[in-house]
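K.L.:
Below are the sequence and a predicted model; questions follow.
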Amino acid sequence: MKVETTPLEGVLLITPPTMFSDHRGAYVELYNKETYAAAGIDQEFVEDDISVSAGNVLRGVHGDMRTCKLVSCLEGTFYLVVVNFDESSPQYRQWTSFTLSEENRLQVLIPAKFGNGHAALSERAIFHYKQSNAYDRASQFTIRWDDPAIGMEWPLSAPILSDRDRDVGNIDGD
(Lines give C-alpha, C1' and ligand atoms only; values in the text may rest on other atoms or scores of the structure.)
Protein backbone atom coordinates (compact mmCIF):
# COMPACT_ATOMS: atom_id res chain seq x y z
CA MET A 1 0.00 0.00 0.00
CA LYS A 2 1.26 3.42 -0.92
CA VAL A 3 -0.18 6.67 0.49
CA GLU A 4 0.83 10.00 -1.03
CA THR A 5 0.01 13.55 -0.03
CA THR A 6 -1.44 15.90 -2.66
CA PRO A 7 -1.44 19.69 -3.12
CA LEU A 8 -4.56 19.91 -0.91
CA GLU A 9 -3.94 19.26 2.76
CA GLY A 10 -5.80 16.15 3.93
CA VAL A 11 -6.48 14.78 0.43
CA LEU A 12 -4.52 11.55 -0.07
CA LEU A 13 -3.72 9.48 -3.16
CA ILE A 14 -3.68 5.78 -2.36
CA THR A 15 -2.46 2.71 -4.19
CA PRO A 16 -4.48 -0.19 -2.73
CA PRO A 17 -2.63 -2.78 -0.62
CA THR A 18 -3.26 -5.78 -2.86
CA MET A 19 -3.53 -5.83 -6.64
CA PHE A 20 -3.05 -8.94 -8.74
CA SER A 21 -3.77 -9.81 -12.34
CA ASP A 22 -3.14 -12.80 -14.56
CA HIS A 23 -4.70 -14.56 -17.55
CA ARG A 24 -7.99 -14.99 -15.61
CA GLY A 25 -8.49 -11.32 -14.76
CA ALA A 26 -7.72 -9.19 -11.72
CA TYR A 27 -8.08 -9.06 -7.96
CA VAL A 28 -7.96 -5.81 -5.98
CA GLU A 29 -8.37 -5.32 -2.25
CA LEU A 30 -10.15 -1.96 -2.12
CA TYR A 31 -10.22 -1.62 1.64
CA ASN A 32 -8.97 -3.38 4.75
CA LYS A 33 -9.62 -1.58 8.03
CA GLU A 34 -6.44 -2.79 9.75
CA THR A 35 -4.17 -2.12 6.78
CA TYR A 36 -5.56 1.38 6.23
CA ALA A 37 -5.36 2.18 9.97
CA ALA A 38 -1.70 1.09 9.99
CA ALA A 39 -1.14 3.60 7.15
CA GLY A 40 -2.73 6.37 9.25
CA ILE A 41 -6.21 6.20 7.69
CA ASP A 42 -8.43 5.30 10.60
CA GLN A 43 -11.68 6.79 9.32
CA GLU A 44 -14.73 4.63 9.96
CA PHE A 45 -16.87 4.15 6.87
CA VAL A 46 -20.59 3.41 7.16
CA GLU A 47 -21.89 3.46 3.58
CA ASP A 48 -20.71 2.31 0.16
CA ASP A 49 -22.18 3.78 -3.03
CA ILE A 50 -21.57 3.57 -6.76
CA SER A 51 -22.37 5.88 -9.61
CA VAL A 52 -22.52 4.48 -13.15
CA SER A 53 -22.02 7.05 -15.89
CA ALA A 54 -21.96 7.06 -19.66
CA GLY A 55 -19.16 8.82 -21.48
CA ASN A 56 -19.09 12.63 -21.31
CA VAL A 57 -21.23 12.71 -18.14
CA LEU A 58 -19.99 15.13 -15.49
CA ARG A 59 -21.35 14.52 -12.02
CA GLY A 60 -21.02 17.85 -10.28
CA VAL A 61 -18.98 19.02 -7.37
CA HIS A 62 -20.83 18.04 -4.21
CA GLY A 63 -19.89 17.52 -0.59
CA ASP A 64 -20.86 18.31 2.98
CA MET A 65 -19.21 19.52 6.16
CA ARG A 66 -18.99 16.17 7.94
CA THR A 67 -18.45 13.31 5.48
CA CYS A 68 -15.11 11.80 4.46
CA LYS A 69 -15.03 9.72 1.25
CA LEU A 70 -12.70 7.07 -0.14
CA VAL A 71 -13.11 7.09 -3.94
CA SER A 72 -12.09 4.46 -6.48
CA CYS A 73 -12.87 3.47 -10.06
CA LEU A 74 -14.37 0.02 -10.60
CA GLU A 75 -14.70 0.21 -14.38
CA GLY A 76 -13.56 2.55 -17.12
CA THR A 77 -11.81 5.87 -16.51
CA PHE A 78 -12.90 9.08 -14.86
CA TYR A 79 -11.39 12.46 -14.10
CA LEU A 80 -11.89 13.47 -10.46
CA VAL A 81 -11.80 17.05 -9.17
CA VAL A 82 -11.55 17.80 -5.43
CA VAL A 83 -12.22 21.31 -4.08
CA ASN A 84 -11.48 22.62 -0.58
CA PHE A 85 -14.73 24.20 0.64
CA ASP A 86 -13.60 24.92 4.22
CA GLU A 87 -13.92 28.71 4.63
CA SER A 88 -11.48 28.62 7.58
CA SER A 89 -8.73 26.97 5.51
CA PRO A 90 -5.96 28.93 3.77
CA GLN A 91 -6.61 26.57 0.81
CA TYR A 92 -10.32 27.53 0.55
CA ARG A 93 -11.48 27.26 -3.09
CA GLN A 94 -8.28 25.55 -4.20
CA TRP A 95 -8.66 22.37 -6.21
CA THR A 96 -6.71 19.42 -7.53
CA SER A 97 -7.49 16.61 -9.95
CA PHE A 98 -6.75 12.95 -10.60
CA THR A 99 -7.44 10.37 -13.29
CA LEU A 100 -8.69 7.12 -11.78
CA SER A 101 -9.19 3.99 -13.84
CA GLU A 102 -9.68 0.27 -13.70
CA GLU A 103 -6.06 0.00 -14.87
CA ASN A 104 -4.31 2.20 -12.28
CA ARG A 105 -6.71 1.31 -9.40
CA LEU A 106 -5.78 4.50 -7.55
CA GLN A 107 -7.97 5.76 -4.72
CA VAL A 108 -8.46 9.25 -3.32
CA LEU A 109 -9.30 10.01 0.31
CA ILE A 110 -11.41 13.18 0.46
CA PRO A 111 -11.89 14.81 3.88
CA ALA A 112 -15.06 16.47 5.14
CA LYS A 113 -15.54 20.07 3.95
CA PHE A 114 -14.29 19.17 0.47
CA GLY A 115 -16.40 18.81 -2.64
CA ASN A 116 -15.76 16.34 -5.41
CA GLY A 117 -17.01 15.86 -8.94
CA HIS A 118 -16.08 13.48 -11.72
CA ALA A 119 -16.34 13.20 -15.47
CA ALA A 120 -16.57 9.86 -17.31
CA LEU A 121 -13.75 9.67 -19.86
CA SER A 122 -14.59 6.17 -21.09
CA GLU A 123 -17.83 4.96 -22.70
CA ARG A 124 -18.90 3.80 -19.24
CA ALA A 125 -17.34 4.47 -15.84
CA ILE A 126 -18.24 3.12 -12.41
CA PHE A 127 -17.34 5.46 -9.55
CA HIS A 128 -17.22 3.75 -6.12
CA TYR A 129 -17.04 5.58 -2.81
CA LYS A 130 -17.08 4.71 0.84
CA GLN A 131 -18.61 7.38 3.10
CA SER A 132 -18.08 8.11 6.79
CA ASN A 133 -21.74 9.20 7.13
CA ALA A 134 -24.99 8.15 5.53
CA TYR A 135 -25.95 10.27 2.52
CA ASP A 136 -28.02 13.31 3.49
CA ARG A 137 -29.07 15.44 0.50
CA ALA A 138 -30.23 18.29 2.77
CA SER A 139 -26.71 18.82 4.16
CA GLN A 140 -24.98 18.87 0.76
CA PHE A 141 -23.39 21.85 -0.94
CA THR A 142 -22.98 22.07 -4.70
CA ILE A 143 -20.24 24.01 -6.47
CA ARG A 144 -20.80 24.90 -10.10
CA TRP A 145 -18.49 22.76 -12.26
CA ASP A 146 -17.32 25.78 -14.30
CA ASP A 147 -17.35 28.40 -11.52
CA PRO A 148 -14.85 31.10 -12.61
CA ALA A 149 -14.04 31.93 -8.95
CA ILE A 150 -12.45 28.48 -8.65
CA GLY A 151 -11.25 27.86 -12.21
CA MET A 152 -11.47 24.07 -12.29
CA GLU A 153 -10.21 22.58 -15.52
CA TRP A 154 -12.10 19.67 -17.08
CA PRO A 155 -11.18 17.51 -20.08
CA LEU A 156 -14.72 17.97 -21.48
CA SER A 157 -16.02 21.04 -23.28
CA ALA A 158 -19.75 20.23 -23.36
CA PRO A 159 -20.46 17.71 -20.58
CA ILE A 160 -23.80 16.04 -19.90
CA LEU A 161 -25.09 17.48 -16.61
CA SER A 162 -27.96 16.91 -14.20
CA ASP A 163 -30.42 19.74 -13.56
CA ARG A 164 -28.86 20.18 -10.11
CA ASP A 165 -25.39 20.71 -11.56
CA ARG A 166 -26.48 22.82 -14.53
CA ASP A 167 -28.71 25.21 -12.56
CA VAL A 168 -26.50 25.97 -9.54
CA GLY A 169 -25.05 29.49 -9.38
CA ASN A 170 -21.44 30.49 -8.92
CA ILE A 171 -19.97 30.94 -5.44
CA ASP A 172 -19.76 34.69 -5.88
CA GLY A 173 -23.43 34.86 -6.87
CA ASP A 174 -23.22 35.20 -10.65
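P.N.:
Everything's here; your move.

K.L.:
which element is the nearest residue to residue 45 once chain neighbours are set aside on?
P.N.:
Once flanking residues are discounted, residue 45 sits nearest to residue 130: 4.0 Å by CB to CB, 6 or more residues apart in numbering. Every residue, glycine included, has its C-beta placed from N, CA and C. Secondary structure assignment for residue 130, by DSSP states H and E: strand 124-131.

K.L.:
after that strand, next one along is what?
P.N.:
Next along from strand 124-131, by DSSP H and E: strand 141-143.

K.L.:
which residues of the chain fall in helices?
P.N.:
33-38, 163-167 (DSSP state H).

K.L.:
closest to residue 107 out of those?
P.N.:
helix 33-38 (9.9 Å; CB to CB).

K.L.:
Please list the outside residues in contact with that closest one.
P.N.:
1, 17, 29, 42-43 (CB atoms under 8 Å, 6 or more residues apart in numbering).

K.L.:
just stretch 167-174 next, same as before
P.N.:
Applying CB under 8 Å, 6+ apart, the external contacts of stretch 167-174 come out as 60, 93, 142-144, 147-150.

K.L.:
Could you do stretch 136-143 as well?
P.N.:
Residues outside stretch 136-143 that contact it (CB under 8 Å, 6+ apart) are 60-66, 83, 85, 115, 117, 150, 164-165, 168, 171.

K.L.:
Do a quick rundown of the strands in the protein.
P.N.:
2-5, 12-15, 18-22, 25-29, 47-54, 58-63, 69-75, 77-84, 95-101, 107-110, 114-120, 124-131, 141-143 (DSSP state E).

K.L.:
Tell me which of these sits nearest to residue 154.
P.N.:
strand 114-120 (5.8 Å).

K.L.:
circling back to that earlier point, kindly indicate the member of the contacts of stretch 167-174 with the most neighbours.
P.N.:
Ranked by neighbour count (other CB atoms under 10 Å), the contacts of stretch 167-174 have residue 143 at the top, with 25 neighbours.

K.L.:
Report the spatially nearest residue to it, omitting neighbours in sequence.
P.N.:
Looking at residue 143 with CB to CB, 6+ apart, the closest residue is residue 61, at 4.0 Å.
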